[in-house]
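*Asks:* Sequence and predicted model, in that order:
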Amino acid sequence: MATCLIGLGSNLGDRSATLRRALKLIEENPLCQIRGHSRWHETAPVGGPTEQGPFLNGAVLLEVSHSPDQLLELLWTIERQLGGVRRERWSARTIDLDLLLYDRQIIDSARLRIPHPAMAFRRFVLASAVEVAAELVHPVIGWTVQQLWEHLNHATPYVAIAGAAAIGKTKVSETLARQVPARQIADPRHPGRWSRLEDDSAGQAWRAEIEFLQNRVRQLDTDLWPDTAEWVVSDYWFDQSVAIASELLSPPRRTQYQTMWQQVRVRVTRPKLVVLLDIPAEELATRIAGIGYFEEESLTISKLDRLRDAVARRVFRPDVGPALRVDACHTESAVNEITSAIQAMR
């Protein structure tokens, strides 16, 4: 049997009665065994229409003989039985049943994503989940639910924006800083500098990049970070530079850079959430060409795809913590997505 974690929520009608009924219907299924359920937690809605009422949220730990798709179908059937209708995202609802974890499986399809892509940073999810599944492991991040809960409560209120050059990190971070509101930190490095590191025989760009690395450390130094509850957003992510270096630098310089980066990384404030802005490589090539940061030979789709993949692999490493991938095609929708994530962490 598989061990699964389900999130429950309701903000319409008799919320507690609906949630109890959902538990009963799950329990009545012969292929499900409830191993524990949390208390109900009242939480403010995140995103969506402002006039909707507060949610009651909870979590249930199950052992099931269903496959992930079969379990998803069961949850949707129960939602329909209880009058739940999956309408627009973040809207009010009678019942919402989310499959958060299914053993340590990772599934990313149009129909089902496991682990749930937002569970690692949502307070209304983790507050319930930690009561019944503290030792379950998030298979992408590699942390237990307990560790995610502690990170949410104790990490610095700081969001780092990652993504390729010209993808719009600065515009997103500036807009986000106004909307949250938050203090914004701007990258001291010229966005096109990496394009010249490979062929920089005189070493000027290499020396400049090391200087930029040091400037970033000064900006993010934990010893100099203000001791306030103010949110901070940076238009770069400190760890991204080493991911790009691994793709663009020659092996000797790559090793040298990685060594220097590792030595200073311990001084850098770690984000509560890393946001990866992403768009297709073809769209990215068009944006880069329009801005003129890179030489023409740097605009190959295969190279851009390689750089995108390198950054994404770094973002979703187990030692990074909670991360959110956001479609960066439209700044407004990207900012709204990140703003809702920040609201969910509060």
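*Replies:* Noted; the coordinates are in hand.
*Asks:* same for the longest helix anywhere in the chain, what does it pack against?
*Replies:* The longest helix of the chain (DSSP state H) is helix 204-220. Counting contacts by 3 or more Cβ pairs under 8 Å, 6 or more residues apart in numbering; DSSP states H and E, helix 204-220 is packed against helix 240-248, helix 251-265. (C-beta placed from N, C-alpha, C; glycine too.)
*Asks:* what's the least confident stretch among the ones you listed?
*Replies:* The weakest mean pLDDT among those belongs to helix 240-248, with a mean of 86.
*Asks:* Contacts for that helix, please.
*Replies:* 162, 194, 197-198, 209, 213, 216, 253-254, 257-258, 261, 306-307, 310-311, 313-315 (Cβ atoms under 8 Å, 6 or more residues apart in numbering).
*Asks:* Please pick the buried ones from the residues you listed.
*Replies:* Neighbour counting by 16 or more other Cβ atoms under 10 Å classes 162, 194, 197, 209, 213, 216, 253, 257, 261, 307, 310-311, 314-315 among the contacts of helix 240-248 as buried.
*Asks:* List just the nearest of the residues you listed to residue 333.
*Replies:* Ranked by distance to residue 333 (Cβ to Cβ), these are led by residue 162 at 17.7 Å.
*Asks:* which residues does that closest one contact?
*Replies:* Contacts of residue 162 (Cβ under 8 Å, 6+ apart): 169, 236, 237, 239, 240, 274, 275, 276, 277, 311, 314, 315.
*Asks:* Distance from the chain centre to stretch 337-345, please.
*Replies:* 10 Å (Cα atoms, centre = their mean, to the nearest Å).
*Asks:* Average pLDDT for that stretch, rounded please.
*Replies:* pLDDT averaged over stretch 337-345 gives 96.
*Asks:* pull the CA atoms of it into PDB?
*Replies:* Extracted in PDB, the C-alpha atoms of stretch 337-345 (Å, rounded to 0.1, in the frame of the first residue of the first chain):
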ATOM      1  CA  GLU A 337       1.500  34.300  -8.800                       C
ATOM      2  CA  ILE A 338       4.500  35.300  -6.700                       C
ATOM      3  CA  THR A 339       2.400  37.700  -4.500                       C
ATOM      4  CA  SER A 340       0.000  34.900  -3.800                       C
ATOM      5  CA  ALA A 341       2.900  32.600  -2.800                       C
ATOM      6  CA  ILE A 342       4.100  35.300  -0.400                       C
ATOM      7  CA  GLN A 343       0.600  35.700   1.100                       C
ATOM      8  CA  ALA A 344       0.500  31.900   1.600                       C
ATOM      9  CA  MET A 345       3.800  32.000   3.600                       C
END
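*Asks:* Show me which residues of that stretch are buried.
*Replies:* Applying 16+ other Cβ under 10 Å to stretch 337-345 flags 337, 338, 339, 340, 341, 342, 344, 345 as buried.
*Asks:* what secondary structure does residue 161 sit in?
*Replies:* Reduced to three states with DSSP: H, G, I helix; E, B strand; the rest coil, the structure at residue 161 is strand.
*Asks:* Next up, the contacts around the residue lying closest to it once chain neighbours are set aside.
*Replies:* Counting by Cβ to Cβ, 6 or more residues apart in numbering, residue 161 lies nearest to residue 169, which is 4.7 Å off, once chain neighbours are set aside. Remark: with contacts taken as Cβ under 8 Å, 6+ apart, residue 169 is in contact with 161, 162, 163, 187, 235, 236, 277.
*Asks:* and of those, the nearest to residue 109?
*Replies:* Checking those one by one against residue 109 (Cβ to Cβ), the nearest turns out to be residue 277, at 22.6 Å.
*Asks:* So, low pLDDT: which residues of the stretch 51-200 of the chain?
*Replies:* 85-91, 189-200 (pLDDT under 70).
*Asks:* can you pull out the strands in it?
*Replies:* 55-64, 96-102, 107-108, 113-114, 158-162, 183-185 (DSSP state E, counting those that start in this stretch).
*Asks:* Using CSV, list the CA coordinates for the longest one.
*Replies:* Only the C-alpha atoms of strand 55-64 are listed here, as CSV (Å, rounded to 0.1, in the frame of the first residue of the first chain):
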residue,chain,number,x,y,z
PHE,A,55,-11.3,28.6,4.7
LEU,A,56,-11.2,25.7,7.0
ASN,A,57,-8.2,23.5,6.1
GLY,A,58,-7.0,20.2,7.3
ALA,A,59,-4.9,17.2,6.2
VAL,A,60,-5.4,13.4,6.2
LEU,A,61,-2.8,10.7,6.1
LEU,A,62,-3.9,7.6,4.1
GLU,A,63,-2.7,4.2,3.1
VAL,A,64,-4.2,3.3,-0.2
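*Asks:* what's the angle from that strand to strand 96-102?
*Replies:* 40 degrees (axes from the mean of the first three to the mean of the last three Cα atoms, to 10 degrees).
*Asks:* Okay, buried residues for strand 55-64 please.
*Replies:* 55, 56, 57, 58, 59, 60, 61, 62, 64.
*Asks:* what's residue 267 in contact with, if anything?
*Replies:* 217, 220, 221, 222, 223.
*Asks:* again, but for residue 188
*Replies:* Residue 188 neighbours (Cβ under 8 Å, 6+ apart): 212, 215, 216, 219.
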